[in-house]
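For reference, the sequence and a predicted model appear below.
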Amino acid sequence: MPAEAEPATMTPEDELQLITRCQQGDTAAFNDLVTRYRQRAFAMIYNMVRNEQDAWDLTQDGFLKAWKSISRFRGQSSFFTWLYRILTNITIDWLRKKQIESGAELDDTVGVKVAPGAVTAPHAELAPASSLSDKEIRARIDEAIAKLSPEHRTVITLREIEGLEYQEIADATGASLGTVMSRLFYARKKLQALLKDVYANL
Amino acid sequence: MQTFEERYTAWIDGRLTGDELAAFERELESAGRDAAEADRHDVQMLGNLLRQHAAPPMPRADAFNAELLERMRREEEPATAPILPNEEPAPAGYFSRTKLAWAAAIALLLALAAIQIPRGDHLTSANIAPPPIGDLQPELGEIVNATTDDPGISVTPIRSEQDGITVLWLDGLDYLPASYQLQ
């Protein structure tokens, strides 16, 4: 997982104690948990929605939902895995809603078609991307991610950026292990096709 | 049995081991091992690109907690609003009856100000002759001179000489515009 600014002094026991206090309604304890995880939560959502303000608002919504549901947290997974699930659900719902409102099609056959079982990525019509600025590269990534379905954005973000294992992604998304691996296959192929000129010229 | 896509993903990520790995690599020989190796390299470069251009630091991080705690407080407010011990709840029905009475009175008065009265042939109480307009108070004089294009709206003036009052009975108004609120 990416390194984030987290209080280094917090042990798993400290965290468990905080969660117990949260379950008793202690908002100060929840405040500490939020401080610990807000940057990771924001980053995860940002990587899916590619917009700072939307990511900020959705992170707020995610923590608010976590606060309302924390009495149901049983400690069977880590707190952040549990939080991941809330955050991914909220973000996927938001992306779907936005997709419906805009009338845009975000299904995975749009733009680049990936043949089942294809080893190589399909070629998209792209201009050579030599000497792109950071801003231009970010814009290209935003554009490519926008062409993925919410589910594909989720697996790519959780695997490639957050570094989660397949099972952790399955736990966070509620999908089966096979579905996670299959989605990852197609999401990667699509992004390879859309961004090959970018990463090949770096 | 895993699909090709699932096994390929596991191979890309180095999650295949032992017999599974050997079997899959034999399978890859026929599909083009070199192409698969190049693809694995591509996926690594893609991952690097995404990580290098991942999320920026959270903006306004210092305001995040305060705003969240405020939202939490607002969300909990209705459920935990204290009830003062001396404060008795309004009797059931009392408030609604009062509201209804006021609504009826205001509706009538507002209607008087707003309604456009149809001409004399709409007056159903024909046996009660309305007083000459000049004898009415100015407000009523204005009302009875108004007209309406809506055939669904009617007004019935009922005059009681004994009590010295005139009641205008209105029918057909669904609502009164807010701009006609009683001052």
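Looks like it arrived, so ask away.

and A:D93, how far is that from B:M58?
21 Å (C-beta to C-beta, to the nearest Å). For glycine as for every other residue, the C-beta is placed from the backbone atoms N, C-alpha and C.

Tell me which of these two has more neighbours.
Between A:D93 and B:M58, counted using other C-beta atoms under 10 Å in any protein chain shown, B:M58 has the larger neighbour count: 21 against 13.

That one should be in a strand, yeah?
No - counting by DSSP: H, G, I helix; E, B strand; the rest coil, B:M58 is not found in a strand; it is coil.

Spatially, and excluding backbone neighbours, which residue is closest to it.
What sits nearest to B:M58 in space, not counting adjacent residues and going by C-beta to C-beta, 6 or more residues apart in numbering or on different chains, is A:F42, at 4.2 Å.

helices or strands up against whichever strand or helix holds A:A29?
Following DSSP states H and E, the helix or strand that holds A:A29 is helix A:27-49. Judged by 3 or more C-beta pairs under 8 Å, 6 or more residues apart in numbering or on different chains; DSSP states H and E, the packing partners of helix A:27-49 are helix A:12-23, helix A:52-69, helix A:79-102, helix A:150-156, helix B:61-80.

With distance to A:A172 as added columns, please give the ones you listed in a markdown table.
Converted to a markdown table, the helices and strands packed on helix A:27-49 look like this (distance: least, C-beta to C-beta, whole Å):
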| stretch | distance to A:A172 |
| --- | --- |
| helix A:12-23 | 18 |
| helix A:52-69 | 12 |
| helix A:79-102 | 4 |
| helix A:150-156 | 8 |
| helix B:61-80 | 21 |
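
ok, the residue of chain A most remote from its centre to chain B distance?
Relative to the centre of chain A, and counting by C-alpha atoms, centre = their mean, the farthest-placed residue is A:Q24 at 29.7 Å. Computed as C-beta to the nearest C-beta, to the nearest Å, the A:Q24 to chain B distance reads 14 Å.

Which parts of chain B are helices?
For chain B, the helices defined by DSSP state H cover B:4-12, B:18-31, B:33-52, B:61-80, B:94-114, B:138-144.

hey, which helix or strand in chain B has the poorest pLDDT?
When the helices and strands of chain B are scored by mean pLDDT, DSSP states H and E, helix B:138-144 comes last with a mean of 54.

just to revisit the earlier point, what pLDDT, on average, does the helix holding A:A29 get?
Averaged across helix A:27-49, pLDDT comes to 95.

roughly how far out does that helix sit from the chain middle?
How far helix A:27-49 lies from its chain's middle: 13 Å, per C-alpha atoms, centre = their mean, to the nearest Å.

ok, and for it, which residues are buried?
For helix A:27-49, the neighbour count (16 or more other C-beta atoms under 10 Å in any protein chain shown) marks A:29-49 as buried.

For stretch A:161-169, measure first residue to last.
12 Å (C-alpha to C-alpha, to the nearest Å).

can it be found next to chain B?
Yes - shown here: stretch A:161-169 in contact with chain B (C-beta under 8 Å from any C-beta of the partner chain) through A:161, A:166.

what comes up buried for that stretch?
A:161-162, A:164, A:166, A:168-169.

mind listing which of those are in helices?
Among the buried residues of stretch A:161-169, the subset assigned to helices under DSSP H consists of A:166, A:168-169.

And the residues you listed, which is closest to A:A175?
Distance to A:A175 across those (C-beta to C-beta) is lowest for A:I169, with 7.7 Å.

The closest one against A:T179, yeah?
No - between A:I169 and A:T179 there is no contact under C-beta atoms under 8 Å: 9.7 Å.

name the element A:S77 belongs to?
Counting by DSSP H and E, no helix or strand carries A:S77.

Can you report how many residues lie near the nearest residue to it once chain neighbours are set aside?
Using C-beta to C-beta, 6+ apart and skipping the chain neighbours, the partner closest in space to A:S77 is A:D171 (6.1 Å). Other residues near A:D171 come to 20 when the count uses other C-beta under 10 Å.
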